[in-house]
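Student: Build the 3D model from these lines:
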Amino acid sequence: MTPEQVTLIRTSWRQVIPVAATAAGLFYEQLFALDPTLRPLFAHADMEQQGKKLLQALGTVVASADRLHTLGPALEDLGRKHLAYSVAERHYDMVGAALLATLATALGDGFTAPLRQAWAEAYAGVTGLMLAGARRGHQAA
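Tutor: Coordinates of the predicted model:
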């Protein structure tokens, strides 16, 4: 990611923070609208807590946007853990689409093409590391 993209992500995140709880709820609405088959994966989850976890994870990504590689071991471990929740590789695309749709709604006209690209690249970096961990988890099983 370029320094400009890191700045875009951090600036936009500061705008999302005041509506974070609403954004978390919107994210899951978007996710289940995009792929209703994902809903059962959350059947036993406290969705308020799940939303808080999502926001915390996004906050970590934002804070580390200029050095995502440092999150490698944690993200790979997270990818392995998601195997236990029946998360498949195809689900990552749905999550990315839901994230971008949520940000577009939360930021309105402020969600420009360069900002969308910056978030997409950050998400791609995160998912690349998570998928690497999940693939290793599959091989070890």
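Student: okay, CA-based contacts and neighbour counts for the rest of this
Tutor: Fine.
Student: how about the helix or strand hosting residue 136: buried residues?
Tutor: Residue 136 is part of helix 113-140 when elements are defined by DSSP states H and E. Residues of helix 113-140 classed as buried by neighbour count (16 or more other CA atoms under 10 Å): 115-123, 125-135, 137.
Student: Ok, stretch 53-67 next?
Tutor: Residues 54-55, 59, 61-62, 64-66 are the ones in stretch 53-67 that count as buried (16+ other CA under 10 Å).
Student: got these as JSON lines, with secondary structure and pLDDT columns?
Tutor: Shown next, in JSON lines, are those (DSSP: H, G, I helix; E, B strand; the rest coil; pLDDT from 0 to 100):
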{"residue": "54", "secondary structure": "helix", "pLDDT": "94"}
{"residue": "55", "secondary structure": "helix", "pLDDT": "95"}
{"residue": "59", "secondary structure": "helix", "pLDDT": "95"}
{"residue": "61", "secondary structure": "helix", "pLDDT": "94"}
{"residue": "62", "secondary structure": "helix", "pLDDT": "96"}
{"residue": "64", "secondary structure": "coil", "pLDDT": "95"}
{"residue": "65", "secondary structure": "helix", "pLDDT": "93"}
{"residue": "66", "secondary structure": "helix", "pLDDT": "94"}
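Student: which one of these sits closest to residue 34?
Tutor: Nearest to residue 34 out of the buried residues of stretch 53-67 is residue 54 (CA to CA; 17.7 Å).
Student: now the closest one, nearest residue through space, not along the chain?
Tutor: Distances taken as CA to CA, 6 or more residues apart in numbering place residue 24 nearest to residue 54, at 7.2 Å, with adjacent residues excluded.
Student: correct me, but that neighbour touches residue 53?
Tutor: No - applying CA atoms under 8 Å, one finds residue 24 not in contact with residue 53, separated by 9.4 Å.
Student: Relative to residue 130, how far out is residue 15?
Tutor: Distance of residue 15 to residue 130, given as CA to CA, to the nearest Å: 27 Å.
Student: Cheers, nothing more for now.
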